[in-house]
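# Any chance you could fold what I've pasted below:
(one chain, ligands or ions: 1)
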Amino acid sequence: MENEVMTMPRIGEKAPEFKAVTTQGNIEFPKDYEGSWVILFSHPADFTPVCTSEFMTFATLEEKFNKANCKLVGLSVDGLYSHIAWLRTIKEKIEYKGMKNVEVKFPLIEDITMEVAKKYGMIQPGESNTKAVRAVFVIDPKGIIRTIIYYPLSLGRNFDELYRVIIALQTADEFSIATPADWRPGDEVIVPTAGSCGVAKDRMESKDMKCYDWFFCTKNISKEEIENKIIKK
Ligand code: BEZ
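Numbers count the residues shown, from 1 in each chain. Reported below is the predicted structural model:
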């Protein structure tokens, strides 16, 4: 592993292609997901507590992500039968934070050869040679990687943040804006900078925009407008 070259996909690049066996049948990635946003995420191991809390949370939120045209795909370097047994245990035995009888309906990839994990830079030897870190790849409907987040083994992810990322990226695409720190739908959005002082001066005088300086202008887009564009009823 020490001398092995490991690839790290980057934002703005095509998501690396692979074929895989999952708990929901075979998939061809990202081809099968064309036209949808997709979150491809890895976890270190089945039958571990942090991962169990994550899967229960993500499965409970799946419909909300689906309504934002976003599908979920999990991965670990465990085998298919381990995945099936773990997901069955979650459904039949685990009650956690008010969640019970939780069925994980999204595909969980088996990756015992680590082929996919290595392609996606999910094996990070400083953390573990034998387990994937908690990686999150947000891929758009054209198969382009739009956000990458990595967490270490000990840190469970914040799924509200992942939902915020999905909505913020789609809002940026739909309205040609950017989103400021801690943005939530309904907060002001950033109008891209004009690149020239002359244009900026005009913009500073525009009614629907608020400028903090020539390089920092915002406008309002209501939560309803965003939801009408993005969320399936
Ligand atoms: C967990 O999910 O609990 C876990 C997995 C691998 C290492 C540490 C924690």
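
# C-alpha only now, for contacts and for neighbours.
Will do.

# What residues does the protein have near the ligand?
Contact residues, the chain versus the ligand (Cα under 6 Å from any ligand atom): 44-45, 48-51, 153-154.

# Let's have these in a markdown table, adding secondary structure and pLDDT.
Conversion of the residues of the chain next to the ligand to a markdown table gives the following (DSSP: H, G, I helix; E, B strand; the rest coil; pLDDT from 0 to 100):
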| residue | secondary structure | pLDDT |
| --- | --- | --- |
| 44 | coil | 98 |
| 45 | coil | 98 |
| 48 | coil | 98 |
| 49 | helix | 98 |
| 50 | helix | 98 |
| 51 | helix | 98 |
| 153 | coil | 98 |
| 154 | coil | 98 |
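
# Give the burial count for residue 181, as a bare number.
6 (other Cα atoms under 10 Å).

# May I ask you to confirm that it belongs to a helix?
No: with DSSP: H, G, I helix; E, B strand; the rest coil as the criterion, residue 181 is assigned coil and is not in a helix.

# Pull up the gap between it and the ligand, please.
Per Cα to the nearest ligand atom, to the nearest Å, residue 181 is found 29 Å from the ligand.

# Do a quick rundown of the strands in the chain.
Remark: strands of the chain, listed N- to C-terminal, are 18-22, 25-29, 37-42, 70-76, 108-110, 134-139, 145-151, 189-191, 209-213, 216-219; assignment by DSSP state E.

# Let me know which of those strands is tucked in deepest.
Neighbour counts (mean count of other Cα atoms under 10 Å) averaged over each of the strands of the chain peak at strand 108-110, with a mean of 26.

# what's that one packed up against?
Secondary-structure packing of strand 108-110 (3 or more Cα pairs under 8 Å, 6 or more residues apart in numbering; DSSP states H and E): strand 18-22, strand 70-76, helix 80-93.
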